[in-house]
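>>> please find the sequence and the predicted model below.
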Amino acid sequence: LSPYKAPGPDGIPNIILQKSATHIIEYLFHIYTAILSNGWYYNGWKEFTTVVIKKPGKPSYQTPKAYRPIVLLCTMSKVL
């Protein structure tokens with residue numbers, strides 16, 4: 001994970017997860033093991049935010065191709 005990327009809807013920045021990894025790794029292991037063994041996925045981690053930004057150097061911003069969608073996922077789902 002890039003440490004300073006924008007967080008998703010859960011609001012957890014990547015840097016926080018990286019800095020606290022040694023303290024929460026055991027808890028995350030049990031959570032992720034349960035998710036994978038039971039075939040269950042937390043619905044809150046399925047949420048995302050889409051941000052649309054202008055592509056630089058386009059002659060006109062009247063067409064949809066002049067924009068780029070960026071999807072911000074929940075940090076905990078990116079780790080899984």
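Nice, thanks for sending it over.
>>> from V71, how far off is the nearest residue to P9 once chain neighbours are set aside?
For P9, the nearest residue in space outside its immediate sequence neighbours is E47; the separation is 4.6 Å by Cβ to Cβ, 6 or more residues apart in numbering. In short, each C-beta sits where N, CA and C put it, glycine included. E47 sits 11 Å away from V71, taking Cβ to Cβ, to the nearest Å as the criterion.
>>> quick one: the residue nearest to P9 and M76 touch, right?
No. Counting by Cβ atoms under 8 Å, no contact exists between E47 and M76, whose distance comes to 10.9 Å.
>>> more neighbours, the two?
Counted by other Cβ atoms under 10 Å, E47 and M76 do not tie: M76 has more neighbours, with 17 against 14.
>>> tell me the mean pLDDT for the helix or strand that one falls within?
M76 is part of helix 75-79 when elements are defined by DSSP states H and E. The average of the pLDDT scores along helix 75-79 is 88.
>>> tell me the bridge partners for the residue positioned nearest the centre of the chain.
By Cα atoms, centre = their mean, the mean C-alpha position of the chain lies nearest to L73, the distance being 2.6 Å. With DSSP bridges as the criterion, L73 is bridged to F48.
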